[in-house]
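All I have is the shape, not the residue letters:
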């Protein structure tokens, strides 16, 4: 990373520094690489550390940098596109799905999930846990809730537990004719368990994408995916529709 004196720049110093740093990230650094410490960067660019922090914070807001606990400031991977509209519908785990199955268990879901699935309050459902990676880093987690009625042919013989069980549940789900799906996006804050999995501080911004899969007019499965807000962007199809709520208490998980 070369040196640049910013004393003669008319625009705010931190903004010009942000531009210089952004160009350096493109040409001199790779995803996941750790930046030099603040003292060295401030001396190299001839700016106060407060100015440097402003530039770094701006790049973090833009998703170019990440602050990682116990590591430092690293170059962020490209943002993951989260499609929230369009006419193409497909089951989780279909060809081209970027998610990886992690585990599966039968659990009694939260009341909001049970209401969406129209299952009994104490009726266990299959909960498939999946993860999504980008640039070798975990950027999203998902809980896919599937009532037993949606996978009647599943038996314990298919696979007892773990990722294999999750894939067996998805294969059985694929036997149904998917009628449609709808998504809602909520802006929220990472709870303790989300933060731990996503390597973020509790309260960090997240996007929660809830997807309802329907078959013959009923909800056959419900997905609740939590994305790091600094690693994703929303994409819209021609006929897209998206609900954006600012109240994380509305999250169905």
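Alright, I've got the coordinates. Just so you know, these numbers come straight off a predicted model, no measurement behind them.

so where do the helices sit in the protein?
13-28, 38-45, 49-61, 111-117, 162-173, 192-198 (DSSP state H).

need those helices in CSV with mean pLDDT and mean neighbour count, can you?
Heads up, the C-betas are built off the backbone N, CA and C, glycines and all. Below are these laid out as CSV (pLDDT from 0 to 100; neighbours: other Cβ atoms under 10 Å):
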stretch, mean pLDDT, mean neighbour count
helix 13-28, 87, 16
helix 38-45, 90, 15
helix 49-61, 88, 17
helix 111-117, 90, 17
helix 162-173, 93, 19
helix 192-198, 86, 15
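
So which of those is nearest residue 212?
helix 111-117 (6.6 Å; Cβ to Cβ).

Compute the first-to-last residue distance for stretch 207-224.
10 Å (Cα to Cα, to the nearest Å).

outside of that stretch, which residues touch it?
For stretch 207-224, contacts defined as Cβ atoms under 8 Å, 6 or more residues apart in numbering pick out 82, 84, 91-92, 113, 116-118, 142-147, 150, 173, 176-188, 225-227, 229, 232, 234, 248, 251-253.

Buried only: go through the residues you listed for me.
Neighbour counting over the contacts of stretch 207-224 (16 or more other Cβ atoms under 10 Å) leaves 82, 84, 91-92, 113, 116-117, 142-147, 150, 173, 176, 178, 181, 183-186, 188, 225-227, 229, 232, 234, 251-253 as the buried ones.

Show only the entries of the contacts of stretch 207-224 found in strands.
82, 142-146, 180-188, 225-227, 232, 234 (DSSP state E).

quick one, what contacts the residue lying closest to residue 126 once chain neighbours are set aside?
Spatial nearest neighbour of residue 126, chain neighbours left out: residue 146 (4.4 Å); criterion: Cβ to Cβ, 6 or more residues apart in numbering. Contacts for residue 146 were tallied using Cβ under 8 Å, 6+ apart; they are 125-128, 169, 173, 220-221.

Many thanks, I have nothing further to ask.
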